[in-house]
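> sequence first, predicted model second:
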Amino acid sequence: MDKILTIYKKELKSYFYSPVAYIVIVVFLIITGWFFTSSLFVAGVVSMRNVFDIIPFILLFFIPAISMRTFSEEKKAGTIELLLTKPVTDFDIVLGKFFSTLTLAALSFVPTIIYAISLKFLGPLDIGTIIGAYLGLLLMSGIYISIGLFSSSLTENQVVAFIISFLIIFALFMMNKILMFIPPFMVPVVEYISTDFHFSSITRGVIDTKDLIYYFSGIYVMLLLTKTSLESRKW
């Protein structure tokens, strides 16, 4: 655990030593802020629904952008071999990078809580739904980050890592949008694969076991694939 924590701290600091984290977070807040204010002042809707509807779309680009450098940058700089020779396991490295990137994503969500607090003074809010939505965002971010880590472990080119992770994430996100084009007997399977399907379920304020199993198993599988990708250097 100490080794994972050390890597976690190192990675988290590295995000804020460069302008990337600040730029991505600011852009994220500008976009969500615009949708919140337009919903509130233009449409007169006292709700966080517009914000929670747009964030999954933002994550399609946001997560690949913050995760593309995790392994690609170290591979290009040649520091990955130095890191892998330290007395830590490959999975320690993967977990440290995963939790640091997830923390960055969570820190981006924190300022949006101000939106919910401000709405509280304007009308009744379903707190359970809002809590569920934030939980759903964290879980969705988690599985996207694990995909981003895997993509980054495949190449030393950050742009290539971004494209690979974006394509995988986009495909998973769109699964429940193409149900009308697939055979009826395949609908339940394709729907279950969709990340947005499970997010929509959680945002209704109902924490279903099947949704938690989907996200946690997906994260575990992708982190395991990332570990395997790192170990391939030994083959």
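Alright, I've got the coordinates.

> show me what the helix or strand containing residue 13 is packed against.
Per DSSP states H and E, residue 13 falls inside helix 2-17. The contact analysis (3 or more CB pairs under 8 Å, 6 or more residues apart in numbering; DSSP states H and E) places helix 2-17 against helix 90-109. To be clear about C-beta, it is placed using only N, CA and C from the backbone, and glycine gets the same treatment.

> could you list the buried residues of the helix or strand following the helix it packs on?
Remark: after helix 90-109, the chain's next helix or strand is helix 113-120, criterion DSSP H and E. For helix 113-120, a neighbour-count test (16 or more other CB atoms under 10 Å) marks 115-116, 119 as buried.

> report the next helix or strand after the helix holding residue 13 in sequence order.
Next helix or strand after helix 2-17 toward the C-terminus (DSSP H and E): helix 19-37.

> which is the next helix or strand following that following helix?
Downstream of helix 19-37, the next assigned helix or strand under DSSP H and E is helix 49-67.

> angle of that following helix against helix 90-109?
Here helix 49-67 runs at an angle of 140 degrees relative to helix 90-109 (axes from the mean of the first three to the mean of the last three CA atoms, to 10 degrees).

> rounded mean pLDDT for helix 49-67, please.
Confidence for helix 49-67, expressed as mean pLDDT, is 87.

> so which elements touch that helix?
helix 19-37, helix 90-109, helix 127-153, helix 158-174, helix 195-203.

> would you turn those into CSV with mean neighbour count, mean pLDDT and distance to residue 71?
Below are those laid out as CSV (neighbours: other CB atoms under 10 Å; pLDDT from 0 to 100; distance: least, CB to CB, whole Å):
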stretch, mean neighbour count, mean pLDDT, distance to residue 71
helix 19-37, 16, 84, 15
helix 90-109, 21, 90, 7
helix 127-153, 23, 90, 4
helix 158-174, 18, 92, 8
helix 195-203, 21, 86, 22
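
> for the helix or strand containing residue 223, what is the distance to the chain centroid?
Using DSSP H and E, residue 223 sits within helix 209-231. On the basis of CA atoms, centre = their mean, to the nearest Å, helix 209-231 sits 13 Å off its chain's mean C-alpha point.

> state the distance from the residue nearest the centre of the chain to residue 169.
Nearest to the geometric centre of the chain sits residue 141, at 2.0 Å (CA atoms, centre = their mean). Taking CB to CB, to the nearest Å as the measure, residue 141 falls 11 Å from residue 169.

> need the overlap of contacts for these two.
Common contact partners of residue 141 and residue 169 (CB atoms under 8 Å, 6 or more residues apart in numbering): 59, 63.

> so what's the residue nearest to the centre of the chain closest to, chain neighbours aside?
In space, and not counting its chain neighbours, residue 141 is closest to residue 105: 4.3 Å by CB to CB, 6 or more residues apart in numbering.

> show me what contacts that neighbour?
Residue 105 is in contact with 62-63, 66, 138, 141, 145, counting by CB under 8 Å, 6+ apart.

> looking at those, spot the one nearest residue 178.
Nearest to residue 178 among those, counting by CB to CB, is residue 63 at 21.4 Å.

> would you mind measuring from the closest one to residue 71?
Residue 63 is 15 Å from residue 71, by CB to CB.

> give me the three-state assignment for residue 87.
coil (DSSP: H, G, I helix; E, B strand; the rest coil).

> now it, nearest residue through space, not along the chain?
Closest residue to residue 87 apart from its sequence neighbours, by CB to CB, 6+ apart: residue 3 at 7.6 Å.

> the nearest residue to residue 164 once chain neighbours are set aside and residue 204: what is the separation?
Among residues not flanking residue 164 along the chain, residue 151 sits closest, at 4.0 Å (CB to CB, 6+ apart). Residue 151 is 31 Å from residue 204, where distance means CB to CB.
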